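Q: Sequence plus the predicted model coming up.
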Amino acid sequence: MFDLPTMLMIAVVGLAFLLLMLLIRLKGSYGMKLALIACTTLGYFFVDHGVRQLGGWPVKQALPEKFILLAVVFDEPDPARGNAGALYLWVNEIINNKPVPEPRGYKLPYQKDLHGILAEAMKKNRNGITQLGKAEPKPQKGGLTWLRGGAEDTQDVKIQDMPTPQLPEK
């Protein structure tokens, strides 16, 4: 029902709630209680940030601007099961024209056209043609940006063959 990061956050919130309920019952100064409540609340945000960065779990963040596509898993929508579907990408971000050593997993909402693009890219990947990806922000329409969906909905993803490196002349 829930993924591991969500279950961990529910457990942390439950423990923080129990701690705060115990704190209310204890005798002591209000300043001390207020400081402990503030520390517990701050601790939640540290744990939340840490859980979201767990290695191996795909993040629901925007893709890096440039990346090497390593693998894709397609979870097609199934309305009968209430599954909206998702696209899971494993990529190596490119920083300063060099791929970072550790790959990262990303979870994107399912889009049929992106499914087709990624499926074609994976065919080329299996044939030994490295695929270079670019994620560009979509042009925003007017209105309040904070009312729209997350960052993963606001990107255009383009995949192309990695250019062959130019060897220096002898």
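A: Noted; the coordinates are in hand.
Q: Could you tell me the end-to-end distance of stretch 47-66?
A: Stretch 47-66 has its terminal residues 29 Å apart, counting by Cα to Cα, to the nearest Å.
Q: Any buried residues in it, and which?
A: The neighbour-count check on stretch 47-66 (16 or more other Cβ atoms under 10 Å) flags 47, 51, 58, 62, 63, 64, 66 as buried. C-beta: built from backbone N, CA, C; applies to glycine.
Q: For stretch 15-30, buried residues please.
A: For stretch 15-30, a neighbour-count test (16+ other Cβ under 10 Å) marks residue 16 as buried.
Q: Mean confidence (pLDDT) on it, please.
A: In this model, stretch 15-30 has a mean pLDDT of 82.
Q: next one: stretch 61-68
A: For stretch 61-68, mean pLDDT rounds to 91.
Q: before we move on, back to that, name the nearest of the buried residues of stretch 47-66 relative to residue 17.
A: Minimum distance to residue 17 across the buried residues of stretch 47-66 is 13.8 Å, recorded for residue 47 (Cβ to Cβ).
Q: Make sure that closest one is actually in contact with residue 5.
A: No: the criterion here is Cβ atoms under 8 Å, and residue 47 misses it with residue 5 at 10.3 Å.
Q: Restricted to helices, list the buried residues of stretch 47-66.
A: Residues from the buried residues of stretch 47-66 lying in helices, with DSSP state H as the criterion: 47, 51.
Q: where along this protein do the strands fall?
A: Using DSSP state E, the strands found in the chain span residues 66-75, 86-95, 98-99, 104-109, 131-137, 155-161.
Q: For the most centrally placed residue in the chain, list each beta-bridge partner.
A: In the chain, the C-alpha nearest the mean C-alpha coordinate belongs to residue 59, at 2.0 Å (Cα atoms, centre = their mean). Taking DSSP bridges as the rule, residue 59 bridges to residue 106.
Q: Of the strands of the chain, give the one that comes closest to residue 40.
A: Taking the strands of the chain one by one with Cβ to Cβ, strand 104-109 is closest: 29.4 Å.
Q: Show me what the closest one packs onto, helices and strands only.
A: Packing partners of strand 104-109 (3 or more Cβ pairs under 8 Å, 6 or more residues apart in numbering; DSSP states H and E): strand 86-95.
Q: neighbouring contacts of the strand it packs on?
A: Outside of strand 86-95, the residues within contact range by Cβ atoms under 8 Å, 6 or more residues apart in numbering are 58, 63-64, 66-75, 99-111, 114-115, 118, 132-133.
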